[in-house]
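Peer 1: can you look at this prediction? I've put the sequence above it.
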Amino acid sequence: MKISIVGTGYVGLVSGTCFADVGVSVTCVDIDNKKIENLKKGIIPIYEPGLEDMVHNNIEKGRLNFTTSLKDSLDQTDVIFIAVGTPPDEDGSADLKYVLEVARQVGRNMNNYLVVVTKSTVPIGTANKVKAAISDELEKRGVEIDFDVASNPEFLKEGNAIQDFLKPDRIVVGTESEKAEGTMKRLYKPFLLNGHPIIFMDIPSAEMTKYAANSMLATKISFMNDMANLCEIVGADITSVRKGIGSDARIGNKFIYAGAGYGGSCFPKDVKAIIKTANNNGYDLRLLQAVEAVNESQKHVLVSKIKEQFGSNLNGKTFAMWGLSFKPKTDDMREAPSLVVIDELIKMGAKVKAYDPVAQEEAERILGDTIEYGKDQYDVLIDSDALIVITEWPEFRIPNFKVLEKLLSTKVIFDGRNIYDPEDVVSNGFTYHSIGRKVINA
């Protein structure tokens with residue numbers, strides 16, 4: 001089969017590369033000429049473990065191609081995926097201008113039957129708008145060409161996206177016709193050979209499934225953060241509570257870790273979008289409104305702990321920060337809790353020195369020279385008054401406490417991800433602040 005994927009961001013590039021890896025002929029399309037020229041050379045614009053090697057391999061095999069011409073890519077294409085950005089508007093709704101512009105271009109240039117698939121996370125009802133946009137352009141051309149629209153939401157975790165695509169928990173496809181369903185079955189057949197399920201449903205249900213899934217995961221995180229804050233007040237330990245409730249199969253142990261709040265490209269945007277969708281339809285999603293409020297508040301918890309330790313005037317204080325990305329194995333800084341903490345510390349007069357194994361270039365693009373960037377995790381500790389751990393990169397999990405003691409001016413650690421054992425930290429002479437556990441002083 002031959003497919004085209006419009007948009008070479010996270011979803012589009014990962015999806016296109018993985019399809020190519022199982023033998024599908026893939027053309028990725030983007031209007032950014034520089035990005036396309038770099039991709040042709042195997043230079044990828046995002047960090048995702050294993051992706052660069054897969055891109056190189058599939059370019060060499062001739063299965064993965066890149067172009068700026070959507071018109072040229074449509075020749076002999078069976079399926080076209082729309083994987084462009086849907087950034088949130090100021091009111092929280094998803095901006096569909098890029099999605100609908102692609103749809104219009106498809107209508108202007110298609111010459112044979114196509115299945116047009118929305119891969120971007122889009123609000124319920126978007127497929128109807130895509131269908132209408134294509135139909136309008138065909139009518140302007142005075143031609144009748146059969147096409148179908150489908151919804152195929154992605155469920156990729158940054159840092160594990162390749163495995164998520166190649167070995168999916170499930171593949172969700174919303175269609176309106178048997179012809180489109182048959183086409184999507186053929187396309188996904190290589191992924192079904194090991195028993196991975198494909199679930200066909202109506203299009204609105206498929207569109208809703210992505211929002212519902214991310215909203216449920218965001219709810220679990222905010223629920224645990226709320227419980228963590230209560231644990232500190234009443235003297236309980238959230239890590240013990242997590243083990244206790246995680247052993248219940250109805251709850252499970254995933255996404256119930258307390259921390260400094262969720263970020264990234266999906267949860268914040270999707271929770272806002274589904275709340276807005278409900279509001280537009282005269283309904284208040286009160287639970288998700290609370291989830292969003294808890295998460296925004298949680299990003300300030302570490303700052304509150306820092307104030308308790310050092311006071312509100314932080315002039316002359318320097319803080320070392322380990323991690324900048326919203327989670328490990330990605331350079332994604334969107335809605336990252338680190339940005340909130342850094343902003344608050346600077347407002348209180350503090351200086352911040354940070355190190356992240358991958359995200360420093362992206363952080364510098366966003367933050368500029370408002371903070372200092374270290375060459376490694378210990379470099380930022382020099383003359384710092386405390387360490388803040390905000391992203392749980394594996395290399396931070398077993399620190400050299402003797403080096404920390406030598407480099408830090410004050411032996412204080414703020415652990416925003418609960419990656420350390422409190423007794424271990426305190427036995428090395430440090431005051432330890434974590435999330436949902438009592439403060440332990442050396």
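Peer 2: Thanks, I have the structure now.
Peer 1: from the contact counts, what lies against the helix or strand containing residue 139?
Peer 2: Counting by DSSP states H and E, the element that carries residue 139 is helix 126-141. Using 3 or more Cβ pairs under 8 Å, 6 or more residues apart in numbering; DSSP states H and E as the contact definition, the elements that helix 126-141 packs against are helix 97-109, strand 114-118, strand 147-151, helix 203-234. The way it works is simple: take the backbone N, C-alpha and C, and place the C-beta from them, glycine included.
Peer 1: what is the mean pLDDT for it?
Peer 2: What helix 126-141 shows for mean pLDDT is 96.
Peer 1: return the set of buried residues in it.
Peer 2: When burial is assessed from 16 or more other Cβ atoms under 10 Å, helix 126-141 yields the following buried residues: 126, 127, 129, 130, 131, 133, 134, 135, 137, 138.
Peer 1: the fourth one: what's it in contact with?
Peer 2: Think residue 130. 82, 99, 100, 103, 116, 118, 149 (Cβ atoms under 8 Å, 6 or more residues apart in numbering).
Peer 1: my read is that the last one contacts residue 129, right?
Peer 2: No. Using Cβ atoms under 8 Å, residue 149 is not in contact with residue 129, being 9.6 Å away.
Peer 1: quick one, domains of the chain?
Peer 2: Per the record's domain assignment (automatic domain parsing), the chain is made up of the domains 2-201, 211-223+235-297, 299-433.
Peer 1: how about the residue lying farthest from the centre of the chain, what does it touch?
Peer 2: In terms of distance from the mean C-alpha position of the chain, residue 142 ranks first, at 41.8 Å (Cα atoms, centre = their mean). Taking Cβ under 8 Å, 6+ apart, we find residue 142 in contact with no residue.
Peer 1: picking that back up, from the buried residues of helix 126-141, pick the one nearest residue 373.
Peer 2: Comparing the buried residues of helix 126-141 against residue 373 with Cβ to Cβ places residue 126 closest, at 39.5 Å.
Peer 1: tell me where the model's unsure across this protein.
Peer 2: Counting by pLDDT under 70, the chain contains low-confidence residues at 90, 442.
Peer 1: a strand runs through residue 31, doesn't it?
Peer 2: No. Counting by DSSP: H, G, I helix; E, B strand; the rest coil, residue 31 falls outside a strand, being coil.
Peer 1: any idea how far it is from residue 116?
Peer 2: Between residue 31 and residue 116 the distance is 18 Å, computed by Cβ to Cβ, to the nearest Å.
Peer 1: what about the two, which has more around it?
Peer 2: In this view residue 31 and residue 116 are compared by other Cβ atoms under 10 Å, and residue 116 has more residues nearby, 24 against 16.
Peer 1: nearest spatial neighbour of residue 42, chain-adjacent residues omitted?
Peer 2: If you skip the residues right next to it in sequence, residue 42 has residue 56 as its closest partner in space, 4.6 Å away by Cβ to Cβ, 6 or more residues apart in numbering.
Peer 1: Three-state assignment for that neighbour, please.
Peer 2: Assigned with three-state DSSP, residue 56 falls in the helix class.
Peer 1: okay, now it: neighbour count?
Peer 2: Other residues near residue 56 come to 16 when the count uses other Cβ under 10 Å.
Peer 1: spit out the contact partners of residue 379.
Peer 2: With Cβ under 8 Å, 6+ apart, residue 379 has these contacts: residue 355.
Peer 1: can you do 10 Å?
Peer 2: Applying Cβ atoms under 10 Å, 6 or more residues apart in numbering to residue 379 gives the contacts 320, 353, 355, 372, 373, 407.
Peer 1: now, which of those residues lie within helices?
Peer 2: Of the contacts of residue 379, the ones assigned to helices by DSSP state H are residue 407.
Peer 1: out of the contacts of residue 379, who has the most neighbours?
Peer 2: In terms of neighbours by other Cβ under 10 Å, the contacts of residue 379 top out with residue 320 at 27 neighbours.
Peer 1: pretty sure residue 49 sits against residue 160.
Peer 2: Yes. Proximity of residue 49 to residue 160 meets the contact threshold set by Cβ atoms under 10 Å, at 7.9 Å.
Peer 1: where do the contact lists of the two overlap?
Peer 2: Between them, residue 49 and residue 160 share the neighbouring residues 329, 330, with contact defined by Cβ under 10 Å, 6+ apart.
Peer 1: touching both of residue 149 and residue 129, which residues are there?
Peer 2: Common neighbours of residue 149 and residue 129 (criterion: Cβ under 10 Å, 6+ apart): 103, 118.
Peer 1: ok, which stretches of the stretch 301-442 of the chain are helices?
Peer 2: In the stretch 301-442 of the chain, the segments counted as helices under DSSP state H, counting those that start in this stretch are 301-310, 337-347, 360-367, 401-407, 422-427.
Peer 1: buried deepest among these, which one?
Peer 2: helix 337-347 (a mean of 21; mean count of other Cβ atoms under 10 Å).
Peer 1: other SSEs contacting that one?
Peer 2: Using 3 or more Cβ pairs under 10 Å, 6 or more residues apart in numbering; DSSP states H and E, the elements in contact with helix 337-347 are helix 286-298, helix 301-310, strand 318-322, strand 351-355, helix 360-367, strand 386-389.
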